[in-house]
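Participant: I'd like to go over a predicted model; first the sequence, then the structure.
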Amino acid sequence: MSTVLVVVAHPDDEVLGCGGTIARYARDGHAVHVLVLADGVGARYAAGVTDSARTEERGRRTDALQRAAAILGVSGVETADFPDNAMDTVPLLHVAQRIEQSIARLTPHIVLTHHAGDVNQDHRQTHDAVVAACRPQPGHSVRTLLTFEVASSTEWQLPGTRAAFEPNWFVDTTDTLELQLAALEAYAEELREWPHPRSVRALRARAEWRGATVGCAAAEAFMVGRHIVGRPIVRA
């Protein structure tokens, strides 16, 4: 079986972007690990908010991350402490090096991460850092690199501004969609009411639409960054 690493900017991105796929990989016996680079809450507070309030909110988000991971069958979760909604203030090399640490330890065959064209700058920085960390050098473990869409980020980018999300890899999530939606409930504070794209109804509709485009009841869509077929590269 393969080892899968999901690298995201914030807690909840892993469920929004590929929760059904995570659950399917885990169900099929693969070891799925999630690396979260920023806490997702640090940029929300105005001046004057107490440190204790910030710490409490971070704790709730971390608890949600762990609950969602348990629902999906994730083998392990790691978190980093890059600045929320300010990851572009950190040298890309530093972010890439943190991702490389996880890759060196886990030796994943498959890596899933954000699409390059998202509105959210942390998503874009994460994407670029993953690409740097997954350079296909001899002996590198990563054979498949996929990027996913995140509701209220990928589809909100203006046409022509950045690369469009044009999926060419689909995962049938008919049997794991309900697990994905259950994991989303762990992030109840992050969900919105219909017709917001980050509502449960919208997320179900997106899964059904992606599925319908490829003949499944539900699916998640990805863009292939790289897929290497054949025996793993052996370092000389």
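Facilitator: Nice, thanks for sending it over.
Participant: Hmm, A207 is touching C216, no?
Facilitator: No: using Cβ atoms under 8 Å as the test, A207 is too far from C216 to be in contact (9.3 Å). (C-beta placed from N, C-alpha, C; glycine too.)
Participant: So for the two, which residue has more residues nearby?
Facilitator: Ranked by neighbour count (other Cβ atoms under 10 Å), A207 and C216 place A207 first, with 24 against 17.
Participant: Give me the common contacts of A207 and C216.
Facilitator: T173 (Cβ atoms under 8 Å, 6 or more residues apart in numbering).
Participant: any idea which element the closest residue to P195 other than its chain neighbours lies in?
Facilitator: Of all residues not flanking P195 in the chain, A202 sits nearest, at 6.6 Å (Cβ to Cβ, 6 or more residues apart in numbering). According to DSSP states H and E, A202 maps onto helix 200-213.
Participant: helices or strands up against the following helix or strand past that helix?
Facilitator: Later in the chain than helix 200-213, the nearest helix or strand by DSSP H and E is strand 219-227. Applying 3 or more Cβ pairs under 8 Å, 6 or more residues apart in numbering; DSSP states H and E, we find strand 219-227 packed against helix 13-27, strand 144-148, strand 169-172, helix 200-213.
Participant: So for strand 219-227, mean pLDDT?
Facilitator: When pLDDT is averaged along strand 219-227, the result is 98.
Participant: And for stretch 121-135?
Facilitator: 98.
Participant: mind listing what's buried in that stretch?
Facilitator: Across stretch 121-135, burial judged by 16 or more other Cβ atoms under 10 Å covers D122, H123, R124, Q125, T126, H127, D128, A129, V130, V131, A133, C134.
Participant: From the chain's centroid, how far away is it?
Facilitator: Its chain's C-alpha centre and that of stretch 121-135 lie 12 Å apart, by Cα atoms, centre = their mean, to the nearest Å.
Participant: Moving C-terminal from the longest helix seen in the chain, which element do we reach first?
Facilitator: When the chain is scanned for its longest helix (criterion: DSSP state H), the result is helix 51-72. Next in sequence after helix 51-72, counting helices and strands by DSSP H and E, comes strand 76-82.
Participant: Give me the buried stretch members for that following strand, please.
Facilitator: V77, E78, T79, A80, F82.
Participant: what helices or strands is it leaning on?
Facilitator: strand 31-38, helix 51-72, helix 92-106.
Participant: residues near M1, how many?
Facilitator: 9.
Participant: If you could redo that for P136, that was the one I meant.
Facilitator: 12.
Participant: Can you point out the buried residues in the longest helix of the chain?
Facilitator: Using 16+ other Cβ under 10 Å as the burial criterion, the residues of helix 51-72 that qualify are E57, R58, R61, T62, A64, L65, A68, A69, I71, L72.
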